[in-house]
Structures are given as C-alpha cells and as structure tokens.
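Chemist: turn this into a structure:
(chains A and B)
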Amino acid sequence: GAGVSQSPSNKVTEKGKDVELRCDPISGHTALYWYRQSLGQGLEFLIYFQGNSAPDKSGLPSDRFSAERTGGSVSTLTIQRTQQEDSAVYLCASSFARVELGELFFGEGSRLTVL
Amino acid sequence: GNSVTQMEGPVTLSEEAFLTINCTYTATGYPSLFWYVQYPGEGLQLLLKATKADDKGSNKGFEATYRKETTSFHLEKGSVQVSDSAVYFCALSGSGSARQLTFGSGTQLTVLP
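Modeler: Numbers count the residues shown, from 1 in each chain, chains lettered A, B, ... in the order given. Next up is the predicted model:
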C-alpha cells in the first residue's frame, strides 16, 4: 500500500514473554521513527533511524527494548520480558530526511496488551 | 529539554461553535511547530505547520500562529463540524541533532450535531 503499514494491529501477551512489532515505511522515506502512546499520555519518542547512520536510541525506556531496520526499509521493535507497564500503542512513522518540515507519516499502530 | 503543554481535554462543542485548543512550548533554538490530528481508527496525520515566528499555518479551516514572544501555537477554528471530532496533538521539532518531534499529550475534541 501507499502508507505506513504496521503489524500486528493488536497483540495480547503474557508478562515475561518477548514480542516483535513490525513497521513497513513508505517507499523512499529515509527516516523511520518509533513512538509509544500510553493511555492518556502523549506520544513518547523511542528510537529514530536515518539512512545508514547510527540510530538515535535516546528514547528507549530500558534495555529490554531494541529495534533494528534492515536494508533501510522494514523495522522491527522488540520488547523482551514484557511487563504490564509496556502496554500501549506503538506507533511507527516515516519521513523524508528533513523532519523540521514536519511531514511525518504515521501507521495506525500496534496495540500491545501485557497481561 | 524540549516540551509541549496542551490544553487538557476532553473538549465538547456544538456544531458551528468556535474552537480554541491552547498549546505552549519550551524549546532551545528555533523549532518548527505542528498540529497533528488523529481521527477515530486512523493514524496521526499532519494538520498544519509553521516553521518560523509569526508564520500562520492553516488547513481545513483550522489556523495556528507561531508566537515566539508567548511561546504559543494555539489551534483555532471558527465553526467546527461533527467531522472534526478527533484527538489533536501539538508538536515541535528538535533542533541540531535531535531529529524528532516532541508531542503534547493530545486533546480529545467531540463535536455534537
């Protein structure tokens, strides 16, 4: 499709299990972002990829969170040993290089529920 | 660091009412400012933006003016419609190496017919 695609749209898991969330950005977009949206909260920045540069991981809340981007396209966010506080909607966005222009295109998100 | 403070919701208005959603920010340098909208069941999408002081962003009848002196970027619309019901997020871009957007907490708007 033409937009940012995320999967799964919903994921329910048990505490302590690992989960993987996938993002397929818009073709040609060099920048890719992961954000987290918790109930009643704003969007919390997690990680940013730009081309072949080292990712900006400054927003990852703990070492249980990691992400990779293969071939400059698809990205996977992995949460190890999930905790209940990880329950949130995980949003992926992509853009052309200059984010100052504000053209972030978001997917519909992956809703994670940790029981 | 950068931060965005938005008017808390939810906001409920009747159709054709005037809308203001307040947004103030704290940032170093000269950020760009944005409003994003999230309609039910959809991803966030850019509504409007302003890249320098005194710029006015506008789209779909919404407007916001970049006020550096008051560090504000309030969203306004003269006559809201039921279809404007959504969550609205104010955001600013980082400067320097911080190539990401900082978002406010969002304001839920419901417009009643």
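Chemist: if I look at residue B:95, what pLDDT would I see?
Modeler: In this model, residue B:95 is scored at 62, pLDDT.
Chemist: what does chain B put close to chain A?
Modeler: B:4, B:6, B:31-32, B:34, B:36, B:41-46, B:49, B:51, B:89, B:91, B:93-95, B:97-106 (C-beta under 8 Å from any C-beta of the partner chain). C-betas here are computed from N, CA, C, even on glycine.
Chemist: neighbouring strands of the lowest-mean-pLDDT helix or strand in chain B in the sheet, and parallel or not?
Modeler: Within chain B, no helix or strand scores below strand B:101-103, which has a mean of 88 by mean pLDDT, DSSP states H and E. Strand B:101-103 sits in its sheet next to strand B:86-93 (antiparallel), going by DSSP bridges.
Chemist: about what we covered before: which residues are contacting the least confident helix or strand of chain B?
Modeler: By C-beta atoms under 8 Å, 6 or more residues apart in numbering or on different chains, the surrounding residues in contact with strand B:101-103 are A:33, A:35, A:42-43, A:45, A:99, A:102, A:104, B:2-4, B:27, B:34, B:36, B:89-94.
Chemist: what residues of the helix or strand following it count as buried?
Modeler: Where DSSP states H and E defines the elements, the next helix or strand beyond strand B:101-103 is strand B:107-112. Buried residues in strand B:107-112, counted by 16 or more other C-beta atoms under 10 Å in any protein chain shown: B:107, B:109, B:111.
Chemist: report how many residues lie close to residue B:42.
Modeler: 12 (other C-beta atoms under 10 Å in any protein chain shown).
Chemist: contacts only, for the nearest residue to it once chain neighbours are set aside.
Modeler: Nearest residue to residue B:42, sequence neighbours excluded (C-beta to C-beta, 6 or more residues apart in numbering or on different chains): residue A:108, at 6.6 Å. Counting by C-beta under 8 Å, 6+ apart, residue A:108 makes contact with A:6, A:9, B:41-43.
Chemist: show me the contacts for the most centrally placed residue in chain A.
Modeler: Per C-alpha atoms, centre = their mean, the C-alpha nearest to the average position across chain A is that of residue A:34, at 3.1 Å. Counting by C-beta under 8 Å, 6+ apart, residue A:34 touches A:23, A:46-48, A:67, A:75, A:77, A:90-92.
Chemist: low-confidence ranges in chain A?
Modeler: Along chain A, the parts satisfying pLDDT under 70 run over A:1, A:97-102.
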